[in-house]
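S.K.: only the shape, not the letters, is given here:
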């Protein structure tokens, strides 16, 4: 026992969840979306996603190497950004634009602000929005999924003039409609969501409150269940709610914060869709939510155990005098 | 659902690792010598009343309580006092200690007689005389807790939520009669009408046994608790058992204590020790330890005289495994216990485990950047927000620390355990709390 012992402050054990593991879970959850996009839009979908991911990882590696920083590629966060960004492009996207998007996402949005944990908004989301504003026609050149890339461009079900009552819900669920790679197949996104929930990677608070808000508002606005269902299955709503709004860094900490953040995003999305000039409002809604996250964090606090509001102290004591407190409940396995 | 909007307080899902739960306690041969520090409790240190060369027996008073919030200390072996000197204890505190060379006979002091208890003051006097402290880890003198006159519920803490430790489980299985005797006496003399025995569900045999024993005891119930660390933390336990919350601040302006919501929490081993003392008159002189970890040859539940050195305990458990390099010695559980720099420290009253980890198991992963996932917030049993507090502490912002109630931190370690980036979250919370309290004090001093 002459070897020196390790002395550290408690606790002496750690959970086996790691950043890398959580990011890996998100990647696994994205697999159904990637497979579905390949089935719906053909092999070029894989090419777009592959090139975007490779560009994200490569740019992150290059940037950190040039700045002599610790190589962060192993935490897989750049991979996640790359796959999500790739799934935000239509199948016919020129590959050089994908690389531009990766640059905006990884270098400008993430690394310039300090890398993982310090970005102000979801990198993939900013990448998507910059490209959307710069290359609007290419970003909205949705092709109808008929296993061919050169098919005619088709409008998203959200476009004005599309008769929503004529849209088949099953088509929406399976993704047989126009849109970007990852967002069309609702079934694949739901499989991913189930996986993320089962592995406790994310909670239900954010996706639940976003989708719930949009559904309820659409139902109230149109008084039609079919249209309300179409509105939550179409566009980037589900994909954004499950994979983009739930980004740890740019969403609030507490459950109550998450719920309000989700309701906020749902509200903005619905407002843009209903009253704005654009068909799609999800990305802007999430971006706004991301930017307001510090504000959500400053007020959506938990109530600590035993915390009594200064003003209510006397009142509470009056309501619950010591001798009138309910007798401690017997446990289920208690004395019988 | 609504409660999780208020605070998640889910705790950490630590592994149980209770491999020693089925191992009956063995009694250790008395070591050649013991070192008994005079500070094994919260409060003033005891004053040594023996000198070099004195003969002592098991149960002889060697340290007299240095005030009301203090505890008596008794010799744990029979033999001769070698020295009374200052030592630096494992937690860094310097205090006086009595070293005793054992004669190996373990003769019990004839002065150890069962006390006569017929009302509350005599019970408290008896508890004070036997030097009983909260042996679950805190070491708070028991008679101080029971002195409050607003108590209506006695909670027996048998959660034992720390991984590895099984001493409380063995206490329930082996000494159930003295537990019941202790509960009965405390309820009767302190006029406490209700008693709840809280046991985590991972000890079904203990729950069954306690349920069968409390059948004839009016007012006593057994509450099976969810298996979530830190279920045995005082405030969490009170909330789970009674639904009451210990207030952050008592009406007097001091930090709230369980008595402010009518509860008193006693560790199951403490109440059992009391039961034994009332019957035999032998004070708290021995302690059961769970000796575990991947580096120990024979994991055991072993009863050792207080003051036995870790090295003697390790030797009594077969020593360190061959071909394993010892990396860390932990006294207590792996979540809240401390790491010792060497094996030459004595076992204290409030120790309940000795864990020996190999170098591989003891080496912790490197911290990475915070990804702001909020797992520390979900885990915190007190409903605090470690990540916000860390930011406030980095900026030395008193307002943030005060608003975010950093002083409520119980240092359970759940946040560090849960952190996927392996950051020392609870260690940072400890620094923030200490800094905050120091600043408050300085402000008050001005």
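M.R.: Received it, and whenever you're ready, just let me know what you need. This structure is a prediction, so every number in the text was calculated from the model and none was measured.

S.K.: got any ranges where the chain has weak pLDDT?
M.R.: All of this is about chain A. A:1-3, A:143-165, A:279, A:309-336 (pLDDT under 70).

S.K.: oops, chain B please
M.R.: Within chain B, the segments meeting pLDDT under 70 span B:1-2.

S.K.: longest helix in it, please.
M.R.: Secondary structure of chain B per DSSP state H: the longest helix is helix B:425-445.

S.K.: and it with chain A, contact?
M.R.: Yes: legend: contact between helix B:425-445 and chain A by CB under 8 Å from any CB of the partner chain is shown at B:426, B:427, B:430. C-beta coordinates here come from the backbone N, C-alpha and C atoms, glycine included.

S.K.: which one is residue A:183 nearest to, not counting chain neighbours?
M.R.: residue A:239 (4.2 Å; CB to CB, 6 or more residues apart in numbering or on different chains).

S.K.: what is the burial count for residue 114?
M.R.: With no chain named, the answer covers chain A. For residue A:114, the count of nearby residues is 11 (other CB atoms under 10 Å in any protein chain shown).

S.K.: please refer instead to chain B.
M.R.: Residue B:114 is flanked by 12 other residues according to other CB under 10 Å.

S.K.: next: residue B:25.
M.R.: So residue B:25, with other CB under 10 Å, has 20 neighbours.

S.K.: can you give me the strands for the stretch 51-200 of chain B?
M.R.: With strands called from DSSP state E, counting those that start in this stretch, the stretch 51-200 of chain B shows them at B:55-56, B:61-64, B:73-74, B:79-88, B:94-102, B:153-158, B:194-200.

S.K.: circling back: could you check the longest helix of chain B and say which residues are buried?
M.R.: By neighbour count with 16 or more other CB atoms under 10 Å in any protein chain shown, helix B:425-445 contains the buried residues B:425, B:426, B:427, B:428, B:429, B:430, B:432, B:433, B:436.

S.K.: and which of the residues you listed is nearest chain A?
M.R.: For the buried residues of helix B:425-445, the closest approach to chain A (CB to the nearest CB) belongs to residue B:427, at 4.6 Å.

S.K.: residues in contact with the closest one?
M.R.: Neighbour list for residue B:427: A:9, B:416 [criterion: CB atoms under 8 Å, 6 or more residues apart in numbering or on different chains].

S.K.: mind running it again at 10 Å?
M.R.: A:8, A:9, A:10, A:11, B:411, B:413, B:415, B:416 (CB atoms under 10 Å, 6 or more residues apart in numbering or on different chains).

S.K.: repeat for residue A:246
M.R.: A:26, A:122, A:193, A:196, A:201-203, A:205-207, A:210, A:240, A:258, A:261-262, A:286.

S.K.: now residue B:178
M.R.: Going by CB under 10 Å, 6+ apart, residue B:178 touches B:171, B:271, B:272, B:273, B:274, B:275, B:276, B:277, B:278, B:279, B:280.

S.K.: which non-adjacent residue is nearest residue B:347?
M.R.: residue B:308 (5.0 Å).

S.K.: check the spacing between that neighbour and chain A real quick.
M.R.: Computed as CB to the nearest CB, to the nearest Å, the residue B:308 to chain A distance reads 16 Å.

S.K.: against residue B:86, how distant is that residue?
M.R.: 20 Å (CB to CB, to the nearest Å).

S.K.: more crowded one of those two?
M.R.: A direct count of neighbours by other CB under 10 Å for residue B:308 and residue B:86 places residue B:308 higher, at 27 against 10.

S.K.: and residue A:276, how many neighbours?
M.R.: 13.

S.K.: please apply the same query to residue B:56.
M.R.: Residue B:56 has 24 nearby residues by other CB under 10 Å.

S.K.: quick check: it touching residue B:73?
M.R.: No: if you go by CB atoms under 10 Å, residue B:56 and residue B:73 don't touch, sitting 11.3 Å apart.

S.K.: find residues that contact each of these two.
M.R.: Shared contacts of residue B:56 and residue B:73, counting by CB under 10 Å, 6+ apart, come down to B:36, B:62, B:98.

S.K.: skipping adjacent residues, who's closest to residue B:148 in space?
M.R.: Of all residues not flanking residue B:148 in the chain, residue B:259 sits nearest, at 3.7 Å (CB to CB, 6+ apart).

S.K.: do residue A:296 as well
M.R.: Among residues not flanking residue A:296 along the chain, residue A:252 sits closest, at 4.1 Å (CB to CB, 6+ apart).

S.K.: who's in contact with the one you found?
M.R.: Residue A:252 neighbours (CB under 10 Å, 6+ apart): A:205-206, A:258-262, A:289, A:292-300, B:372, B:374, B:377.

S.K.: quick one: buried residues of stretch A:260-270?
M.R.: A:260, A:261, A:262, A:263, A:264, A:265, A:266, A:268, A:269, A:270.

S.K.: what helix or strand does the third one sit in?
M.R.: This points to residue A:262. Using DSSP states H and E, the element containing residue A:262 is helix A:255-275.

S.K.: give me the phi and psi for the residue nearest the centre of chain A.
M.R.: Centroid-nearest residue in chain A, with CA atoms, centre = their mean: residue A:244, separated by 2.2 Å. Residue A:244 has phi and psi values of phi -100, psi -40 when expressed as degrees, to the nearest 10.

S.K.: these two touch, right, it and residue A:83?
M.R.: No: in this structure residue A:244 lies outside contact range of residue A:83 using CB under 10 Å: 11.7 Å.

S.K.: list the residues that contact both of the two?
M.R.: A:124, A:182.

S.K.: list the contacts for the residue most central in space within chain B?
M.R.: By CA atoms, centre = their mean, the mean C-alpha position of chain B lies nearest to residue B:137, the distance being 1.3 Å. Taking CB under 10 Å, 6+ apart as the criterion, residue B:137 is in contact with B:162, B:165, B:232, B:267, B:331-333, B:336-337, B:350-353.

S.K.: residue B:52: how many residues sit nearby?
M.R.: Applying other CB under 10 Å, we find 12 residues neighbouring residue B:52.

S.K.: what are the phi and psi values at it?
M.R.: Per-residue torsions, residue B:52: phi -50, psi 130 (degrees, to the nearest 10).

S.K.: alright, that wraps it up for me.
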